[in-house]
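Colleague: Let me see the structure of the following:
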Amino acid sequence: MNKKFTSSNSQTDWQRLDAMEDEDIDLSDCPEVTPEMFAKAIVRRGLPATKTKAQITLRIDSDVLQWFKSQGRGYQTQINQLLRAYMEAHQQ
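Modeller: The predicted model follows:
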């Protein structure tokens, strides 16, 4: 492992950035956010939960759990969303 000292001195020209106006910012390489993107968005943290959740003990196959965990943070939320989609699909 490389143990060289890394400088924490910023090479950013902060004075130039502070002087910029909104219209000076080049957004040509940023895609426009559409209403469809917002409709598909998932809020994972930062906002309080809108529904009450119950804590349970659930036995699932270990390989299934490992796969969900390998997807990264929020795997329990992901499992909940899949169960909700299944429930809603079968309520009709």
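Colleague: Tell me the pLDDT of Phe5.
Modeller: For Phe5, the pLDDT comes out at 65.
Colleague: hmm, I was thinking of Leu65
Modeller: 95.
Colleague: Need the contact partners of the host helix or strand of it.
Modeller: Element membership for Leu65, per DSSP states H and E: helix 62-70. Residues outside helix 62-70 that contact it (C-beta atoms under 8 Å, 6 or more residues apart in numbering): 75-76, 78-79. Just so you know, the C-beta spots here come from the backbone N, C-alpha and C atoms, and that holds for glycine as well.
Colleague: Can you go through those residues and name the buried ones?
Modeller: Ile79 (16 or more other C-beta atoms under 10 Å).
Colleague: Specify which member of the contacts of helix 62-70 is nearest to Glu23.
Modeller: For those, the minimum distance to Glu23 (C-beta to C-beta) is 39.9 Å, reached by Gln78.
Colleague: need the longest helix for the chain.
Modeller: helix 75-90 (DSSP state H).
Colleague: Check which residues of it are buried.
Modeller: In helix 75-90, counting by 16+ other C-beta under 10 Å, buried: Ile79.
Colleague: So what touches that helix?
Modeller: By C-beta under 8 Å, 6+ apart, helix 75-90 touches 42, 44, 53, 68-69, 71.
Colleague: Most neighbours out of these, which is it?
Modeller: Most neighbours among those, by other C-beta atoms under 10 Å: Phe68, with 15 neighbours.
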